[in-house]
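In: Structure here, sequence nowhere to be found:
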């Protein structure tokens with residue numbers, strides 16, 4: 001059953017109708033699903049598990065991982081429960097008084113001799129017993145969630161413990177806070193636990209705190225985004241830009257004013273552009289790892305509002321938070337036995353990582369931290385506004401390019417979608433999963449990424465959605481773009497380079513590659529890419545977005561440009577929820593054929609899907625031949641036909657070289673609208689960023 005708010009106000013919230021009371025109802029809706037699976041008061045928050053191969057607990061580490069699962073269920077569901085408990089201390093869900101349940105289970109989780117103890121730091125180290133003195137544990141993550149929630153409902157739970165009980169919890173927390181951590185966003189977990197203990201009068205090691213905080217600040221890459229490992233993703237938003245403001249509030253402003261000022265500056269820098277990361281409906285893009293956390297990406301807005309000098313527009317922040325909440329809670333496939341699925345919409349294992357368990361999706365409860373804001377806060381009282389989307393003219397596209405985190409996102413007034421193009425991506429050659437999360441050429445808020453197609457029960461290797469796939473015909477092997485360098489934007493064209501099967505042991509000139517150049521059109525993206533092949537014969541494919549197939553009309557059209565023929569395939573249909581969808585892919589110079597493949601189980605929206613894809617071959621070794629590949633993918637949320645000009649927008653393609661292959665010099669693309677785009681790859685070599 002989908003979430004239907006009982007309380008709506010379309011005067012205050014003209015876009016979503018949601019109010020603070022609506023959010024409380026949404027929290028209760030999710031907790032009802034949780035507690036319907038808890039048979040008695042003494043049972044932990046362990047939810048039904050639909051999948052057992054990828055996610056933990058795994059049998060080899062059953063005891064240690066079961067303890068971690070207990071803690072994930074408790075702490076992450078507490079994200080939702082804590083603000084509701086503070087708002088209504090007598091709240092009951094499924095016959096349980098939430099305040100009593102969480103008070104009891106938090107204490108038990110930290111009590112060594114209790115059967116529900118989630119494992120002291122010393123115990124989980126002993127259980128691991130692998131000889132690695134730097135090993136880290138999932139419990140460190142959840143200690144941070146726990147202290148945030150104890151702060152959110154401090155009068156109702158933390159303040160009601162006896163001194164002995166507080167000391168017991170503090171001793172448990174301190175061991176994790178001062179113990180090993182992962183040298184990326186995890187440092188914030190240690191920082192928050194130390195800050196909570198400091199607030200509550202416990203002695204802490206300020207040197208440990210400063211060491212972690214200094215490193216966190218040094219991960220900042222610009223525009224409010226932090227590097228988290230090789231790549232950039234939503235951890236900048238649901239970790240760095242939530243935990244750092246909390247740390248400021250609890251500790252930084254008082255004890256580390258310089259660091260606190262920098263964290264505040266970075267959060268405000270994120271707010272300058274973060275609203276444009278979402279589409280006209282407030283939808284969150286499916287991108288990066290941990291997509292099962294969904295609308296937790298909106299928690300960065302609340303993080304900014306915790307600062308002394310917050311800059312976010314409150315009416316826009318609530319509109320996006322509410323829009324993203326509805327994106328997920330209004331789908332029939334969102335829950336499995338009352339619990340958010342391991343997926344983006346429904347259960348979708350291609351995006352799930354092995355560090356997740358059935359309770360992990362409750363990280364999305366971070367979105368509910370906004371309920372700590374009182375009823376009279378501007379976040380709840382300002383009228384919803386839609387920011388950029390209210391200012392765009394018909395067919396206008398706003399493009400935001402951030403070189404630091406290598407992110408380019410475009411807001412398309414024609415269809416209301418936001419398209420993300422990324423760079424600075426490094427993945428192992430065998431990490432197909434990582435490439436799906438990070439290496440797609442485009443990520444679209446209304447067309448979530450598709451995994452490798454499965455036809456007749458077999459995964460096919462020769463094409464992928466929004467990715468180039470290279471076939472080495474000599475060795476009959478397939479190569480995928482696992483590394484994406486970033487050059488940046490020049491004159492409205494974004495330049496990147498992708499390498500196929502990149503590895504550090506091989507000189508880059510011995511690695512097949514593509515120079516990427518793309519620019520926006522009203523309904524999507526036009527590509528004018530150049531091959532960098534040193535070894536032939538090869539074949540190459542490029543897929544469009546995956547298209548939910550719930551009965552799809554497939555149309556093929558052609559049109560002339562000069563003496564050449566352009567081909568387009570148009571898909572018309574509906575997504576899982578019944579909304580109208582339309583996609584068209586058009587190919588110009590360099591491509592030979594355009595076709596479709598039907599897949600099963602590889603699309604996050606629907607079980608069946610269709611992918612349009614282009615293909616070509618290059619056979620002559622060391623022969624100067626066509627190197628420019630021009631294609632377009634456009635989409636919209638209605639079945640009304642694209643115009644001929646939208647399907648076939650190019651009037652003329654002008655090359656520098658007399659052979660018109662594009663091997664050197666600028667390529668000028670003249671559009672029927674009169675606009676011209678000059679694609680010039682010169683200079684890329686001197687500015688390649690990872």
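Out: Thanks, I have it. On a predicted model such as this, the values are computed, not experimentally measured, just so you know.
In: Counting neighbours, what do you get for residue 329?
Out: 20 (other C-beta atoms under 10 Å). Every C-beta, even on glycine, is put in place using the N, C-alpha and C of the backbone.
In: Kindly report the same for the one 10 residues further on.
Out: The local packing of residue 339 (other C-beta under 10 Å) involves 24 other residues.
In: Likewise for residue 273?
Out: 17.
In: which element is it on?
Out: Residue 273 belongs to helix 257-274 when assigned by DSSP states H and E.
In: Just after that helix, pick out the following helix or strand.
Out: helix 299-305.
In: Past that following helix, which element shows up next along the chain?
Out: helix 314-329.
In: For the residue most central in space within the chain, which residues are in contact?
Out: Nearest residue to the geometric centre of the chain (C-alpha atoms, centre = their mean): residue 287, 3.6 Å. Each residue near residue 287 by C-beta atoms under 8 Å, 6 or more residues apart in numbering is listed here: 233-234, 420, 422, 437-438, 440, 443, 449.
In: what element comes up after the longest helix along the chain heading to the C-terminus?
Out: For the chain, the helix that runs over the most residues, judged by DSSP state H, is helix 62-87. Sequence order places strand 92-93 as the next helix or strand after helix 62-87, per DSSP H and E.
In: now whichever helix or strand comes after that following strand: mean pLDDT?
Out: Next in sequence after strand 92-93, counting helices and strands by DSSP H and E, comes strand 96-97. Mean per-residue pLDDT for strand 96-97: 98.
In: Ok, stretch 470-487 next?
Out: Stretch 470-487 shows a mean pLDDT of 98.
In: in it, what counts as buried?
Out: Across stretch 470-487, burial judged by 16 or more other C-beta atoms under 10 Å covers 470-472, 478-487.
In: cool, stretch 337-347 as well?
Out: 338-347.
In: and what of stretch 350-357?
Out: 350-353, 356-357.
In: so which of those residues comes closest to residue 78?
Out: Of all the buried residues of stretch 350-357, residue 357 has the smallest distance to residue 78: 15.7 Å, by C-beta to C-beta.
In: neighbouring contacts of stretch 612-623?
Out: In contact with stretch 612-623 (C-beta under 8 Å, 6+ apart) are residues 463, 473, 531, 533, 535-544, 547, 569, 571, 583, 585, 587, 590-597, 625-626, 629, 631.
In: hmm, 7 Å instead?
Out: With contacts defined as C-beta atoms under 7 Å, 6 or more residues apart in numbering, stretch 612-623 is touched by 463, 533, 536-544, 569, 571, 583, 585, 587, 590-597, 625, 631.
In: quick one: terminal-to-terminal distance for it?
Out: This stretch, stretch 612-623, spans 29 Å end to end (C-alpha to C-alpha, to the nearest Å).
In: same question, stretch 404-422
Out: Terminal residues of stretch 404-422 are spaced 11 Å apart (C-alpha to C-alpha).
In: How about stretch 11-23?
Out: Stretch 11-23: ends 17 Å apart by C-alpha to C-alpha.
In: And that stretch, what's buried?
Out: Of the residues in stretch 11-23, those buried (16+ other C-beta under 10 Å) are 12-13, 15-23.
In: Switch the residues you listed over to CSV; also include secondary structure, pLDDT and distance to residue 388.
Out: What follows is those, written out as CSV (DSSP: H, G, I helix; E, B strand; the rest coil; pLDDT from 0 to 100; distance: C-beta to C-beta, whole Å):
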residue, secondary structure, pLDDT, distance to residue 388
12, coil, 98, 21
13, coil, 98, 18
15, coil, 98, 13
16, coil, 98, 17
17, coil, 98, 21
18, coil, 98, 20
19, coil, 98, 24
20, helix, 98, 25
21, helix, 98, 28
22, helix, 98, 24
23, helix, 98, 24
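In: list the buried ones in the worst-scoring helix or strand of the chain on mean pLDDT?
Out: Lowest by mean pLDDT, DSSP states H and E among the helices and strands of the chain is helix 121-128, with a mean of 92. Using 16+ other C-beta under 10 Å as the test for burial, helix 121-128 gives 121, 123-125, 127.
In: Next: stretch 648-662.
Out: So, applying 16+ other C-beta under 10 Å, buried residues of stretch 648-662: 648-651, 653, 655, 661-662.
In: Let me know the closest of these to residue 147.
Out: Taking C-beta to C-beta as the measure, residue 147 lies nearest residue 649 of the buried residues of stretch 648-662, at 54.2 Å.
In: ok, the closest one touching residue 669?
Out: No - between residue 649 and residue 669 no contact is recorded; they are 9.0 Å apart, counting by C-beta atoms under 7 Å.
In: Residues contacting the longest strand seen in the chain, please?
Out: Counting residues, the longest strand in the chain under DSSP state E turns out to be strand 477-490. By C-beta under 7 Å, 6+ apart, the residues outside strand 477-490 that reach it are 401, 403, 406, 408, 423-429, 431-432, 435, 439, 461-462, 467-472, 495-502, 512, 684, 687-690.
In: and the residues you listed, which of them are in strands?
Out: Going by DSSP E, the strands hold 401, 408, 425-426, 468-472, 495-500 from these.
In: Looking at the residues you listed, which two lie furthest apart in space?
Out: 401 and 472 (33.6 Å).
In: does the residue nearest to residue 333 when sequence neighbours are not counted sit in a helix or strand, and which one?
Out: Nearest residue to residue 333, sequence neighbours excluded (C-beta to C-beta, 6 or more residues apart in numbering): residue 346, at 3.3 Å. Of the helices and strands defined by DSSP H and E, none includes residue 346.
In: For the spatially closest residue to residue 121 that is not a sequence neighbour, the count of nearby residues, please.
Out: Of all residues not flanking residue 121 in the chain, residue 175 sits nearest, at 3.6 Å (C-beta to C-beta, 6+ apart). If you count neighbours by other C-beta under 10 Å, residue 175 ends up with 19.
In: Can I take it that residue 175 is in a helix?
Out: Yes - Residue 175: assigned to a helix according to DSSP: H, G, I helix; E, B strand; the rest coil.
In: can you give me the strands for the stretch 501-650 of the chain?
Out: Using DSSP state E, counting those that start in this stretch, the strands found in the stretch 501-650 of the chain span residues 513-521, 524-532, 538-543, 547-548, 553-561, 564-574, 580-587, 593-600, 608-618, 628-636, 650-655.
In: which strands and helices sit next to the first one?
Out: Using 3 or more C-beta pairs under 7 Å, 6 or more residues apart in numbering; DSSP states H and E as the contact criterion, the elements in contact with strand 513-521 are strand 493-500, strand 524-532.
In: closest to residue 381 out of those?
Out: For the helices and strands packed on strand 513-521, proximity to residue 381 was assessed by C-beta to C-beta; strand 524-532 is nearest, at 37.8 Å.
In: That closest one pairs with which strands?
Out: The pairing partners recorded for strand 524-532 under DSSP bridges are strand 513-521 (antiparallel), strand 628-636 (antiparallel).
In: And stretch 405-420, how far out from the chain middle?
Out: Relative to its chain's centre, stretch 405-420 lies at 14 Å (C-alpha atoms, centre = their mean, to the nearest Å).
In: any idea of the mean pLDDT in it?
Out: Stretch 405-420 shows a mean pLDDT of 98.
In: same question, stretch 583-590
Out: Here the average pLDDT along stretch 583-590 is 98.
In: Just to be sure, residue 166 is in a helix?
Out: Yes - the assignment for residue 166 by three-state DSSP puts it in a helix.
In: Quick check: it vs residue 107, distance?
Out: To residue 107, residue 166 is 10 Å away according to C-beta to C-beta, to the nearest Å.
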